[in-house]
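[1] sequence plus predicted model, see below.
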Amino acid sequence: MSALSYLIISLAFLYATETETGPAGSIDGIVFNDENKTLAYAHVALPELNKGTITRRDGTFSLDNVPVGEYRILISHVGYQTADELVAISDGQLTELRITLRASNEMPSVEIVGRAPGRLARVPGSAAVVTAERLEETNPVSATEIFREIPGINAINHDPIGLRTNIGIRGLDPDMSRNVLMLEDGIPVALAPYGEPEMYYSPSISRMSGVEVIKGSGSIMYGPRTIGGVINFLTADPPAEPTLDAHVTGGENGYLTSRIGYGNTVGNSGFQVTYLHRRADNIGPLNFHLNDLNARWKLVMGQRSVLGVKMSIYDELSNATYVGLTQPMFESGLYDFKQLAPDDELDVRRYSASISHDYFFSDHVHLRTTAYAYTTRRNWSRQDFDNQPAAGREYRRVAGNPDEPFGAIWFREGTGNRNREFEVVGFEPRISARYHLGEHRNELDAGFRYLYERAFEQRVNGIIDSPATGNIRDDEIRTGYATSAFVQNRFYATPQLTATPGLRVEYFRYERDILRVNFEDVQRSSNDEVLAFIPGLGFNFQMGPESAIFTGVHRGFSPPRVKDALTATGSSEELDAEWSWSYEAGFRLRPLPFFTSEITGYYMSFENQIIPVSESSGGQGMPNAVGLTNGGATRHHGVEFLFRLDPDFAGRPLSARLELGGTWNQASFSEDRFVTSGGEIVNIKGNDLPYAPEWSGFTRLSASHTSGFSGFLKATYTGEQFGDVLNRTESTGNGRDGMLDSYTVVDAGMRYRLPVAFDASLSLSVKNLTDERYIASRRPQGIRVGLPRMFMFGLSVTL
């Protein structure tokens, strides 16, 4: 048995012994609803002591022999919001409580961590929660700003606004977030969660009420991808009373973000409608506009049943492009924010709907059933180009200095329209149950999911004068059928020590039907399947409401992309799924009321990586690409840390918070892998993975005053990283490969709450305060310069 196991068991024994003996008191209480009527059969619990009871018919309850100390007391009832309070117990004294439960307005949607205070301390592994208050204070232009403050995450932008999320966790490739499972209210949002997980559509951070992140063994409850962690975007529940909120933020170069929402609850029904509009004329090289409409409706159908419906429409049009700067163009400093490919156009439209139903068999057993469907259209017209002129080829225009080698980009007459449409339908029941085995409390979660996905893809070659039309070069349909199930049980060995084993099973059958290749009609079909068993085990020792020691191990799994696994020639590459073993151990501590800390060490053994053909990750992107291989092994290890200081200025008008977080990460190829470079075969064993910086971190100072003023100042640091597997330190002429130097971005913001009868505030934000010039990415096809200094002004009103 390891030293860590001895430590956890010893601490558990000592802590349990201390809390189960000695002086004690008692609690008497009564529970009311918000109409001042007593509530019978409400569940009352002291989770740290594994003690509980239910209220009598008159709403009263009693708990005797409660050890002296301060504890969380949870009071819950079907159809009401759970009350979560602190209660202090004195020796020989009776503590009297009067608790009021308010009607629940929460939609039946999945939260992977939860919002209750102290919830993080119970998660069997590393996790993070971004609150609505943090989002309001930051006023982020993109989700990247938020993710850079979460240790272990490397977030990069392919455009200054970050319309498409690129996230890598613990050294995994961040390209289009394909290694991370992305959810919104517990529902997948990727184009095709199994066969094409790229995030060409990303949920708008401007309409979110929170974000949850799990990097540890708890991720096996969600699938299919369990390698890089889970990110769940949270939207707002219907309010308890009529609420109108409006937010407007404007900035330079025509930047505008406006959001308006209205919601209410009448009787047993509540709703929330939110409309978001964003646009910019020239944020760096980008201009765009998007409209995002969301509606949620909740119906309490009785004491044990709640129905939720959610619908959304997303429409975006931008001049997003793959074209980036060459190295000489970047070094000249003349083209950072020039629109190199002004005729490129990306059109994204998404429709989604979901129905969720909660049924409470009792206070201890809860069934949640969710059905969802969405369709995403992603049509992208891009002008063909060369980094060097080809003999005998005519060009429509030249951007840059044509007299310098790689000093310009040569645009051709032709265009390539990558038109894709995706359909996804899913059905997922989940059951949660609290039960006892003898003296030991248990919490069981289990579920099943069926998911169908289909992708329609065409490549249409046109000319720049009429780019949306032309000749169909390639045409295909990809279909996937996925079935999965999971079970996870949290076993309380003592009131403080839990063991959480879990198992997920994934089965994915996929097909690729080729209808046309290189302008010729064909009929080629191929199929394959993958079956995976994904275990996990976590231990958690809870030392207090916000303190815990945890350790865990879980199997990472990611099915191969259908386009990679099945070639256009109709054969299977027989690519293995991507597999890993992930280990972590750490602690969350609050040794002082004003100081919290979290430190996590991790080790990931990645058995197999698949080399993709997508252009976004530097591949060829050609339908006839062959020779894809099971790429080999990588090793990732490092340490994540977060420290937070909340000084107590009791009785003073000022409050402040200081945070420091960071990651030390080493990710490298651990077995022989051979690549071709300059006609030579090179073994890259021991090389660092691309886009996996060794060091990254942030520091943030926030302050608020009772006069209504608040503000923050933060700095985020990203260490140097390689842009290719060969670990070139010098850039190639086209700018796509080479080192990315380290950089630090400083942001600041100020808010003033107006002294009026309703909630209203003015805000000023500055992004990249020092106007740092840095290479954000060398992908997809050249250098992307980070967002320049940008001022934004905002107004928020809630009535």
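    The structure has been received and is ready for your questions.
[2] and the helices in the stretch 251-400 of the chain?
    Counting by DSSP state H, counting those that start in this stretch, one finds helices in the stretch 251-400 of the chain at the ranges 327-332.
[3] oops, could you answer that again for the chain instead?
    Counting by DSSP state H, the chain has helices at residues 3-20, 132-138, 143-147, 327-332, 562-565.
[4] comparing the ones you listed, which yields the minimum mean pLDDT?
    When the helices of the chain are ranked by mean pLDDT, helix 3-20 comes last with a mean of 40.
[5] what sits against residue 154?
    167, 168, 169, 171, 174, 691, 692, 693, 696, 718 (C-beta atoms under 8 Å, 6 or more residues apart in numbering). Bear in mind the C-beta positions are built from the backbone N, C-alpha and C, glycine included.
[6] so what's residue 726 closest to, chain neighbours aside?
    If the residues on either side of it in the chain are set aside, residue 726 comes closest to residue 677, at 5.7 Å by C-beta to C-beta, 6 or more residues apart in numbering.
[7] follow-up on the earlier one: residue 704: which of the contacts of residue 154 is nearest?
    Minimum separation from residue 704 among the contacts of residue 154 (C-beta to C-beta) is found for residue 696, which lies at 27.6 Å.
[8] residues near the closest one, how many?
    Neighbourhood size, residue 696 [other C-beta atoms under 10 Å]: 24.
[9] am I right that it is in contact with residue 663?
    Yes - taking contacts as C-beta atoms under 8 Å, residue 696 lies within contact range of residue 663: 5.1 Å.
[10] gap between the residue nearest to the spatial centre of the chain and residue 202?
    For the chain, residue 231 is the residue whose C-alpha lies nearest the centre (C-alpha atoms, centre = their mean; 2.6 Å). From residue 231 across to residue 202, the span is 10 Å (C-beta to C-beta, to the nearest Å).
[11] cool, and residue 366?
    Between residue 366 and residue 202 the distance is 31 Å, computed by C-beta to C-beta.
[12] those two - which one has more neighbours?
    Using other C-beta under 10 Å, the more surrounded residue of residue 366 and residue 202 is residue 202, with 24 against 19.
[13] read off the pLDDT value for that one.
    With respect to pLDDT, residue 202 scores 92.
[14] determine which two of the contacts of residue 154 are furthest apart.
    169 and 718 (14.7 Å).
[15] okay, those two: which has more neighbours?
    Higher neighbour count among residue 169 and residue 718: residue 169, with 27 against 23, using other C-beta under 10 Å.
[16] pretty sure the more buried one contacts residue 230?
    No - taking contact to mean C-beta under 8 Å, the distance of 9.6 Å between residue 169 and residue 230 leaves them out of contact.
[17] between these two, what contacts are shared?
    With contacts defined as C-beta under 8 Å, 6+ apart, the residues adjacent to both residue 169 and residue 230 are residue 180.
[18] lowest confidence element among the helices and strands of this protein?
    Within the chain, judged by mean pLDDT, DSSP states H and E, the helix or strand with the poorest mean is helix 3-20; its value is a mean of 40.
[19] show me what residue 489 is bridged to.
    Counting by DSSP bridges, residue 489 forms beta bridges with residue 444.
[20] how is the chain divided into domains?
    3-101, 119-233, 234-356+367-443+450-798 (automatic domain parsing).
[21] mean neighbour count, the ones you listed: which tops it?
    Per residue and on average, the most neighbours among the domains of the chain fall to domain 119-233, with a mean of 24 (mean count of other C-beta atoms under 10 Å).
[22] make JSON lines out of the contacts of residue 154 and add distance to residue 244 and pLDDT.
    Converted to JSON lines, these look like this (distance: C-beta to C-beta, whole Å; pLDDT from 0 to 100):
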{"residue": "167", "distance to residue 244": "34", "pLDDT": "94"}
{"residue": "168", "distance to residue 244": "39", "pLDDT": "93"}
{"residue": "169", "distance to residue 244": "38", "pLDDT": "94"}
{"residue": "171", "distance to residue 244": "45", "pLDDT": "93"}
{"residue": "174", "distance to residue 244": "38", "pLDDT": "92"}
{"residue": "691", "distance to residue 244": "43", "pLDDT": "95"}
{"residue": "692", "distance to residue 244": "45", "pLDDT": "95"}
{"residue": "693", "distance to residue 244": "44", "pLDDT": "97"}
{"residue": "696", "distance to residue 244": "40", "pLDDT": "97"}
{"residue": "718", "distance to residue 244": "40", "pLDDT": "97"}
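[23] gap between residue 364 and residue 691?
    Separation of residue 364 from residue 691 (C-beta to C-beta) stands at 46 Å.
[24] now do residue 204
    24 Å.
[25] same question, residue 762
    Residue 762 sits 38 Å away from residue 691 when distances are taken as C-beta to C-beta.
[26] and the longest strand along the chain, which strands flank it?
    In the chain, ranked by residue count with DSSP state E as the criterion, the top strand is strand 408-437. Taking DSSP bridges as the criterion, strand 408-437 sits next to strand 365-386 (antiparallel), strand 397-400 (antiparallel), strand 440-463 (antiparallel) in its sheet.
[27] how far does that strand sit from its chain's centre?
    Chain-centre distance of strand 408-437: 14 Å, with C-alpha atoms, centre = their mean, to the nearest Å.
[28] and for stretch 643-656?
    Its chain's C-alpha centre and that of stretch 643-656 lie 30 Å apart, by C-alpha atoms, centre = their mean.
[29] list the contacts of it.
    In this structure, residues lying in contact with stretch 643-656 by C-beta under 8 Å, 6+ apart are 593-597, 657-661, 701-707.
[30] kindly recompute the last result at 7 Å.
    With C-beta atoms under 7 Å, 6 or more residues apart in numbering as the test, stretch 643-656 has contacts from 593-597, 657-660, 702-707.
[31] in these, find the pair that's most separated.
    With C-beta to C-beta as the measure, no two of the contacts of stretch 643-656 lie farther apart than 597 and 707, at 31.3 Å.
[32] which residues in the stretch 251-400 of the chain form strands?
    With DSSP state E, counting those that start in this stretch applied, the stretch 251-400 of the chain shows strands at 256-266, 269-283, 286-302, 305-318, 345-360, 365-386, 397-400, listed in chain order.
[33] do the same with the stretch 501-650 of the chain
    Along the stretch 501-650 of the chain, the stretches classed as strands by DSSP E, counting those that start in this stretch are 520-544, 547-558, 578-592, 595-606, 634-645.
[34] quick one: pLDDT of the closest residue in space to residue 52 that isn't next to it in sequence?
    Nearest in space to residue 52, with sequence neighbours left out and distances taken as C-beta to C-beta, 6+ apart, is residue 45 at 4.0 Å. At residue 45 the predicted local distance difference test score is 85.
[35] so residue 45 touches residue 74, yeah?
    Yes - with contact defined as C-beta atoms under 7 Å, residue 45 and residue 74 form a contacting pair (4.7 Å).
[36] quick check: chain neighbours aside, which residue is closest to residue 386?
    residue 410 (4.6 Å).
[37] got it, and residue 94?
    residue 26 (5.4 Å).
[38] for residue 503, same thing?
    Using C-beta to C-beta, 6+ apart and skipping the chain neighbours, the partner closest in space to residue 503 is residue 535 (5.1 Å).
[39] test my guess that the one you found contacts residue 555.
    Yes - the pair residue 535 and residue 555 passes the contact test of C-beta under 7 Å, sitting 5.4 Å apart.
[40] now for residue 71: which residues touch it?
    For residue 71, the contact set (C-beta under 7 Å, 6+ apart) comprises 46, 48, 49, 87.
[41] next: residue 723.
    Taking C-beta under 7 Å, 6+ apart as the definition of contact, the neighbours of residue 723 are 690, 737, 738, 739, 740, 778.
[42] where's the third one relative to residue 731, distance?
    When you say that, I think you mean residue 738. When distance is defined by C-beta to C-beta, residue 738 is 3 Å away from residue 731.
[43] swap in the last one?
    Distance check for residue 778 against residue 731: by C-beta to C-beta, it reads 8 Å.
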